[in-house]
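Asks: curious how this folds, go ahead:
(2 chains)
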Amino acid sequence: MLATLVIVFREVIEAGLIVGIVLAATKGVARRGFWVSLGIGAGALGACVVALFASQIAALFQGSGQEIFNASVLLAAVIMLAWHNSWMASHGQDMARQMQAVGGAVAAGQRPMTALAIVIGVAVLREGSEIVLFLYGIANSGSESALAMVAGGMLGILGGALLSALMYFGLVAIPMRRLFAVTTWLITLLAAGMASQAVVFLQQAGYFQSFAEPLWDTSAILPEDSIPGRLLRSLIGYSDSPTAAQLAAYLLTIAVIITLMRMVGRRRGAATGSLAKT
Amino acid sequence: MRPIGSKLSILAAAAFASALLLQGAPARAEDAQVFNITIKDHKFDPAELHVPAGKPIILVVKNADETAEEFESSVLKVEKIIAGGQQGTVRLRPLAAGSYAFVGEFHEDTASGKVIAE
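Replies: All right, here's what the predicted structure looks like:
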């Protein structure tokens, strides 16, 4: 039961942190619950499909199908997160003002909820498919009773959900004026971390091998596979021994997102300057 | 709405550029040496794998168990699920001499081993 609990908890928390950030970033948006549930539901369904076809996926790209698949879904999530931040750069300030005026009761405008639902879906898909494969193995081998497996799984999900909820409530305790600035930064780092993880998968598939030597090693201080290490990896892309390609992807993602936000923000600023405020 | 459109096209261009970059990635080391590891009863065989240092390595991990296993090593930067009865291919960077631990994440209590580059 303990093994099931630990594995399920680990995977749930990795996806859960992302859900927590997205929920905090969309505070006050109408029907966000629908989109978030859609993301989780689609992700869970996708996880089962991916688990079902695990060996077929793995056989693609000369045995590196799993890596290419992981890298692709991670990069898709990075693009969605970049899109969200650009959108916030152009609408965020108006929105925060409006929400304060009406006490946060009314959502302002359409948010790129589709993008965020995709991000959640991808996170649940990746971690979920590991859970499905793991549980399927346990169930098949009969090494644990069904009861122990279900109990372990449930406790793992509960624990992961609890920690994600903690993250969410910690974030939404931030005053509205600052909340979106904080979530925008979190999402930027989240995207950078995902880009860096995508590079790891590509290197594992044989790409960018010339930049695969770790630049430094902090595993003695904070190992990447410890629970705090994993949390930081999911949140900000912590790596205890990043390669040059990883670091480049990380910094490039941050630079691109900031540039996009600046460009959009400036255009928006010019537009509101010339038009009367509505 | 327009800014979003043009933004998307920038993103699409970026995605396209990275796809190109992938195409132009250094040729995969076809001359990499292949090493086999078998997982049986949630243990690795061999548990200690000796490989030449400084050469590209391909690990073929064969899972002889019925249950899936995740071959994982933070030092080798590898994370790969191998379904029961299947095998997985892992490409390692040329390693500096030393010892690199790996585990089977789903059965960490028994499944552990190391790659020794020399």
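
Asks: wasn't residue A:122 part of a helix?
Replies: Yes. Applying DSSP: H, G, I helix; E, B strand; the rest coil, one finds residue A:122 inside a helix.

Asks: run through who's touching stretch B:103-118.
Replies: Contacts to stretch B:103-118, defined as C-beta atoms under 8 Å, 6 or more residues apart in numbering or on different chains, come from residues A:3, A:7, A:134, A:137, B:37, B:39, B:41-44, B:46-54, B:57, B:59, B:67-73, B:76, B:92, B:95-102. C-beta: built from backbone N, CA, C; applies to glycine.

Asks: what's the span of stretch A:139-152, first residue to last?
Replies: 12 Å (C-alpha to C-alpha, to the nearest Å).

Asks: show me what counts as buried in that stretch.
Replies: By neighbour count on 16 or more other C-beta atoms under 10 Å in any protein chain shown, the buried set for stretch A:139-152 is A:144, A:148-149, A:152.

Asks: what is the nearest of those residues to chain B?
Replies: residue A:144 (11.1 Å; C-beta to the nearest C-beta).

Asks: spell out the secondary structure type for that closest one.
Replies: Relying on three-state DSSP, one would call residue A:144 coil.

Asks: quick one: contacts for it?
Replies: A:1, A:3-4, A:138, A:152.

Asks: returning to that earlier point: I'd like to know which of the contacts of stretch B:103-118 are buried.
Replies: Buried among those by 16+ other C-beta under 10 Å: A:3, A:7, A:134, A:137, B:37, B:39, B:42, B:44, B:49, B:51, B:57, B:59, B:67-73, B:76, B:92, B:95, B:100, B:102.

Asks: biggest helix in chain A by residues?
Replies: helix A:65-101 (DSSP state H).

Asks: considering only the contacts of residue A:144, which also neighbour chain B?
Replies: Taking C-beta under 8 Å from any C-beta of the partner chain as the test, chain B is in contact with A:3, A:138 out of those.

Asks: ranges for the helices of the chain?
Replies: Since you didn't name a chain, this refers to chain A. Taking DSSP H as the criterion, chain A carries its helices at A:2-25, A:32-52, A:54-63, A:65-101, A:113-141, A:146-172, A:176-204, A:227-236, A:244-274.

Asks: actually, chain B is the one I wanted.
Replies: Using DSSP H, helices in chain B cover B:2-23.

Asks: remind me which residues of it are low pLDDT?
Replies: Within chain B, the ranges that satisfy pLDDT under 70 run B:1-30.

Asks: and the residue nearest the centre of it?
Replies: Among the residues of chain B, the one closest to the centroid is residue B:90, at 3.6 Å (C-alpha atoms, centre = their mean).

Asks: contacting residues for the closest residue to that one other than its chain neighbours?
Replies: Once flanking residues are discounted, residue B:90 sits nearest to residue B:59: 4.4 Å by C-beta to C-beta, 6 or more residues apart in numbering or on different chains. Going by C-beta under 8 Å, 6+ apart, residue B:59 touches B:34-37, B:49, B:89-92, B:115.
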